[in-house]
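>>> coords below, sequence missing:
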């Protein structure tokens, strides 16, 4: 094969079948890869480290949002014989969905950390990266859905809607509304981080 | 370079610098690519065609949702001297956001069709694919946000919330609620299609 013809570059790629090599195929593989594409590998590794750090931040945001919403609870200091004025997150189905969804996303982000570490160790492996992209997209969708549904609820709690006579209640339950708003902001932060992670993954998957 | 040693495969890659080739670099590039990776190229082309078809479906769903929500309007057949009972999408800030967001998404999907066609013609080019992934993620986020915020609103319109004395109004404004529900379903369909498009793009970007 003509390798010295100008305008052509020859690349050697080591076959990685375990059956052909006998022992330690992983080691051989990574050595071969390092020999073939060193500059590319460095960039991919940087992307993988960024992915890990962003994933940690998203985990923090999602956990914070879950806790903030789950503990949002306010008891007013006055009551009648029959009524006690209390606002809790589970008075609202949307907020209950929020706590469940963000709980699931937090668990997923925690469980995805090992896979993210695998991507740092083997930056050119596509299978772990692809599985991360698929699940990340789903979890980003869940986070955005929960966050924006709750955002519309919080908006309604603050402003009400005169046309259908839904009165705002944030003047009475100020602390509750503040917790809920904080949780919504946390979830939208987590969603933004997940979107950035997906875009980073697309760059990491890209051929050179 | 030893090319006949067992366990090694040599691949020739044509350099594509326009300066080195002189004229018609695009043609040379695609010829060289076709010579190097024919089976891979076919699969990528299939993915690109799938992307285009799904994009058309998502455009249909998004447009349908926009129109369904934008035309949701019901006038009740009775009125008093001072009041006329009418429900319109713009009585609700969430629904107004929905119409704007889905309108933007529809425009984006329409404008992204040419880029998707470029991806069919040149299935191995990564730049158009990457730009599509980035904007697709943002638009998917917007669609899910609008869809789920409106979903929580429609849920409230159907069921109300006893704890804060928000009464449901779908018994009176049944047609309006039905239009709004249909629009929400359309938007969530568009969001699901966009997520599938993003995952397909990740497969298309993947090395070999």
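Nice, thanks for sending it over. No experiment lies behind these values; they were computed from the predicted model shown.

>>> contacting residues around the residue nearest to residue A:164 when sequence neighbours are not counted?
Spatial nearest neighbour of residue A:164, excluding adjacent residues (Cβ to Cβ, 6 or more residues apart in numbering or on different chains): residue B:169 at 5.3 Å. Just so you know, the C-beta spots here come from the backbone N, C-alpha and C atoms, and that holds for glycine as well. Contact analysis of residue B:169 by Cβ atoms under 8 Å, 6 or more residues apart in numbering or on different chains lists A:164, B:87, B:157, B:177.

>>> show me where chain A has its strands.
In chain A, the strands defined using DSSP state E lie at A:8-14, A:73-79, A:84-88.

>>> okay, and for chain A, where does confidence drop off?
Where chain A drops to pLDDT under 70, the residues are A:1-39, A:79-84, A:208.

>>> mind redoing it with 90?
Filtered on pLDDT under 90, chain A yields the residue ranges A:1-45, A:72-92, A:123-127, A:160-176, A:202-208.

>>> would you mark the buried spots in stretch A:126-142?
Within stretch A:126-142, the residues that count as buried by 16 or more other Cβ atoms under 10 Å in any protein chain shown are A:126, A:128-130, A:132-134, A:136-137, A:139-142.

>>> just the residues you listed that are near chain B?
A:126, A:130, A:133, A:134, A:137, A:140, A:141 (Cβ under 8 Å from any Cβ of the partner chain).

>>> go through those residues and say which is closest to residue A:190.
residue A:140 (8.7 Å; Cβ to Cβ).

>>> from memory that closest one sits against residue A:191, does it?
Yes - under the criterion of Cβ atoms under 8 Å, residue A:140 makes contact with residue A:191 at 5.9 Å.

>>> list residues touching both of those two?
With contacts defined as Cβ under 8 Å, 6+ apart, the residues shared by residue A:140 and residue A:191 are residue B:141.

>>> surely residue A:105 meets residue A:139?
Yes - between residue A:105 and residue A:139 there is a contact under Cβ under 8 Å: 5.0 Å.

>>> all helices for chain A, in order.
For chain A, applying DSSP state H gives helices covering A:18-21, A:25-36, A:38-70, A:93-121, A:127-159, A:174-205.

>>> as TSV, the ones you listed with distance to residue B:73 would be great.
Conversion of these to TSV gives the following (distance: least, Cβ to Cβ, whole Å):
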stretch	distance to residue B:73
helix A:18-21	66
helix A:25-36	61
helix A:38-70	35
helix A:93-121	25
helix A:127-159	21
helix A:174-205	30
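
>>> what's the closest of the ones you listed to residue B:186?
Of all those, helix A:127-159 sits nearest to residue B:186, with 15.4 Å by Cβ to Cβ.

>>> and that closest one, what does it pack onto?
Judged by 3 or more Cβ pairs under 8 Å, 6 or more residues apart in numbering or on different chains; DSSP states H and E, helix A:127-159 is in contact with helix A:38-70, helix A:93-121, helix A:174-205, helix B:93-121, helix B:127-159, helix B:174-205.

>>> which one of these lies nearest to residue B:57?
helix B:174-205 (5.5 Å).

>>> just how off-centre is the closest one within its chain?
Taking Cα atoms, centre = their mean, to the nearest Å, one finds helix B:174-205 lying 8 Å from the centre of the chain it belongs to.

>>> measure residue A:161 to residue B:162 for me?
17 Å (Cβ to Cβ, to the nearest Å).

>>> compare the two (neighbour count), which wins?
Remark: of residue A:161 and residue B:162, residue A:161 carries more neighbours, 18 against 10, as counted by other Cβ atoms under 10 Å in any protein chain shown.

>>> what sits closest to the more buried one if chain neighbours are left out?
Residue A:161's closest residue in space is residue B:92 (Cβ to Cβ, 6+ apart), at 6.6 Å.

>>> contacts only, for that neighbour.
Shown here is residue B:92, whose contacts under the criterion Cβ under 8 Å, 6+ apart are A:161, A:163, B:153.

>>> show me which of these is closest to residue A:198.
Of all those, residue A:198 sits closest to residue B:153, with 27.4 Å by Cβ to Cβ.

>>> neighbours around the residue nearest to that closest one when sequence neighbours are not counted, how many?
Leaving aside its sequence neighbours, residue B:153 sits nearest to residue B:94 (Cβ to Cβ, 6+ apart; 4.7 Å). Residues near residue B:94, counting by other Cβ under 10 Å, number 24.

>>> what do you get for residue A:202?
For residue A:202, the count of nearby residues is 26 (other Cβ under 10 Å).

>>> which residues touch the closest residue to it other than its chain neighbours?
Counting by Cβ to Cβ, 6+ apart, residue A:202 lies nearest to residue B:133, which is 4.4 Å off, once chain neighbours are set aside. The contact partners of residue B:133, taken as Cβ under 8 Å, 6+ apart, are A:198, A:199, A:202, B:198, B:201, B:202, B:205.

>>> so the closest residue in space to the last one that isn't next to it in sequence versus residue A:43, what's the distance?
Sequence neighbours aside, residue A:205 is the residue nearest to residue B:205 in space, at 4.6 Å (criterion: Cβ to Cβ, 6+ apart). Counting by Cβ to Cβ, the gap from residue A:205 to residue A:43 is 13 Å.

>>> and residue A:144, by the same measure?
Applying Cβ to Cβ, the value for residue A:144 to residue A:43 is 29 Å.

>>> comparing those two, which shows the higher neighbour count?
Shown here are residue A:144 and residue A:43; by other Cβ under 10 Å, residue A:144 has more neighbours (29 against 14).

>>> who touches residue A:56 in this structure?
residue A:113 are the contacts of residue A:56 under Cβ under 8 Å, 6+ apart.

>>> residue A:159: how many residues sit nearby?
12.

>>> same question for stretch A:172-185: list its buried residues.
In stretch A:172-185, counting by 16+ other Cβ under 10 Å, buried: A:173, A:176, A:177, A:179, A:180, A:181, A:182, A:183, A:184, A:185.

>>> please determine how far the first one is located from residue A:73.
By that I understand residue A:173. According to Cβ to Cβ, residue A:173 stands 10 Å off from residue A:73.

>>> shared neighbours of those two, anything?
residue A:87.

>>> residues in contact with stretch A:170-189?
With contact meaning Cβ under 8 Å, 6+ apart, stretch A:170-189 is reached by A:58, A:61-62, A:64-66, A:68-69, A:71-74, A:76, A:85, A:87-89, A:95, A:98, A:102, A:143-144, A:146-148, A:150-151, A:153-154, A:157-158, A:169.
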